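Q: attaching a predicted model along with its sequence, questions to come.
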Amino acid sequence: MGGPHERWDIFCRVVDNYGDVGVAWRLARCLAREHGKRVRLILDDLTVLARLRPETDPAREAQRVDGVDVRRWDEGWNDAVPAGEVADVVVETFGCDTPEPYVRAMAERAPHPRWINLEYLSAEEWVEGSHALPSPHPRYAPLTRHFFFPGFTARTGGLLRERGLLERRDAFQADRAAQAAFWRALTGAQPPDAALKVSLFGYAGAPYGSLLEAMAHHAGPVWLVVPEGVAAGAVSAWLQGKARGERGAVEAFTVPFLDQDSYDELLWACDLNFVRGEDSFVRAQWAARPFVWHVYPTDDAAHWVKLGAFLARYTAGMDRAHAARLAGFWEAWNREEPVARAWPAFEAALASMAPHAEDWAARLAARPDLATRLADFVDNVLN
Ligand code: TRH
């Protein structure tokens with residue numbers, strides 16, 4: 001534990017939503033808890049971490065959360081930094097720029113710190129060629145940044161996965177009493193045995209209305225749980241302004257935004273999860289249950305390439321008819337087209353998609369997780 005590079009500084013700026021902080025926080029916690037590193041997480045917006053980890057106080061400049069030293073990235077970081085303050089390893093998440101005075105201090109420090117740029121996740125093939133590439137700093141010549149790309153293959157940085165996560169998932173999924181307690185705490189009620197349990201998280205524009213109509217005509221009961229956000233807004237509008245209620249086959253609950261660990265339990269407890277972006281997308285895969293991904297839409301339409309690349313990997317080896325249904329449903333969801341017509345065939349295939357989801361999670365879990373690969377890269381490859 002610990003290794004030669006003990007002190008890590010992880011910088012993160014919120015672009016929007018929760019994913020940037022969600023990923024940076026997970027990485028920080030894994031490095032501290034599982035690799036014995038001394039980690040500072042330097043965040044520009046602590047209110048986002050407070051949503052994911054409610055014990056965070058957004059008003060505090062410095063605090064310890066679960067073994068991580070969390071700092072507010074404010075104007076103070078633009079003051080001169082003594083070289084001794086610089087960590088052994090500096091991680092910039094998603095191209096956020098490390099503050100200039102800190103970079104200057106990095107250049108003055110001997111030895112220079114390792115410098116990593118953690119990139120966004122993509123299943124595209126080029127990621128393997130770009131992972132771990134060096135990029136010399138244009139102005140501070142002795143400093144070199146290395147790109148670290150998460151990914152789905154052995155030649156990428158892998159995926160964040162806490163130690164023991166899948167064992168905790170398996171125990172929860174095998175424990176009916178734990179699930180019953182979870183549902184009671186979250187909804188005050190218990191799903192009927194035959195219910196299709198669904199969680200819903202997505203971006204504005206997803207065809208929520210047509211999904212809800214399709215589910216309302218479902219042959220059996222649908223138990224729908226929607227954490228606060230745009231999807232919850234759409235569901236409560238559908239329930240004529242109510243936070244929970246029944247319509248057709250659907251019993252729907254809008255619930256407060258869950259803390260990040262409880263959100264995992266929600267994914268584990270459901271038969272089908274609608275997720276989005278980067279982090280909930282990965283967590284749905286670890287849940288080993290069928291899911292629908294709303295990819296983060298970008299102006300240059302690059303998200304379609306991302307979606308296609310993931311679908312190709314995920315459906316490889318799947319029954320072809322099921323693969324076509326899954327891809328058709330995901331594409332309609334992302335094109336923001338009505339999904340009511342695609343729903344019955346998609347839903348009918350869920351039971352046979354479930355073993356595929358388990359197999360996919362097991363295959364991914366056979367590889368080392370991202371924090372382990374990153375610590376290894378820093379300690380052994382960059383030395
Ligand atoms: O919030 P997002 O849309 O974040 C996105 C993505 O990271 C995207 O790639 C990036 O470009 C953009 O931000 C800037 O979706 P994501 O990545 O799924 O992050 C959501 C986080 O919120 C994740 O850590 C799970 C967590 N979460 C909870 O903790 N509780 C909840 O109730 C819900 C619904 C989510």
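A: Ah, there it is. Residues are numbered from 1 along each chain as shown.

Q: give me every residue in the stretch 251-383 of the chain lying close to the ligand.
A: 257-260, 263, 276-281, 296 (CB under 6 Å from any ligand atom). Every residue, glycine included, has its C-beta placed from N, CA and C.

Q: at 5 Å what do you get?
A: By CB under 5 Å from any ligand atom, the part of the stretch 251-383 of the chain that sits against the ligand consists of 257-258, 260, 263, 276-280, 296.

Q: for the residue of the stretch 101-250 of the chain found nearest the ligand, phi and psi?
A: Across the stretch 101-250 of the chain, no residue is closer to the ligand than residue 227, which sits at 3.3 Å (CB to the nearest ligand atom). Note on residue 227: its backbone torsions stand at phi -70, psi 150 [degrees, to the nearest 10].

Q: tell me how far it lies from residue 254.
A: Using CB to CB, to the nearest Å, residue 227 is found at 8 Å from residue 254.

Q: burial count for residue 204?
A: Residue 204 has 12 neighbours, counted by other CB atoms under 10 Å.

Q: likewise residue 298?
A: Counted with other CB under 10 Å, residue 298 comes out at 11.

Q: what about it, which SS state?
A: Going by DSSP: H, G, I helix; E, B strand; the rest coil, the secondary structure assigned to residue 298 is coil.

Q: go on, residue 80?
A: coil.

Q: my read is that it contacts residue 100, right?
A: No - at 10.1 Å, residue 80 does not count as touching residue 100 under the criterion of CB atoms under 8 Å.

Q: neighbour-wise, which of the two wins?
A: Between residue 80 and residue 100, residue 100 has the larger neighbour count (other CB under 10 Å), namely 13 against 9.

Q: Provide a list of residues in contact with that one.
A: Residue 100 is in contact with residue 78, counting by CB atoms under 8 Å, 6 or more residues apart in numbering.

Q: let's see the pLDDT reported for it.
A: The model reports residue 100 with a pLDDT of 93.

Q: what does it show for phi and psi?
A: Note on residue 100: backbone dihedrals following degrees, to the nearest 10 are phi -50, psi -50.

Q: where's residue 64, which helix or strand?
A: Here residue 64 is covered by strand 62-65, with elements defined by DSSP states H and E.

Q: in its sheet, what does the helix or strand just after that strand sit against?
A: Using DSSP H and E, the helix or strand that follows strand 62-65 towards the C-terminus is strand 68-72. With DSSP bridges as the test, strand 68-72 is paired with strand 38-43 (parallel), strand 62-65 (antiparallel).

Q: make JSON lines out of these and add mean pLDDT.
A: Shown next, in JSON lines, are these (pLDDT from 0 to 100):
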{"stretch": "strand 38-43", "mean pLDDT": "98"}
{"stretch": "strand 62-65", "mean pLDDT": "98"}
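
Q: comparing these, which comes out most buried?
A: strand 38-43 (a mean of 22; mean count of other CB atoms under 10 Å).

Q: got the buried residues for the following helix or strand past that strand?
A: Next helix or strand after strand 38-43 toward the C-terminus (DSSP H and E): helix 46-52. The neighbour-count criterion (16 or more other CB atoms under 10 Å) identifies 46, 48-52 as the buried residues of helix 46-52.

Q: ok, of those residues, which one's closest to the ligand?
A: Nearest member of these to the ligand, counting by CB to the nearest ligand atom, is residue 52, at 4.7 Å.
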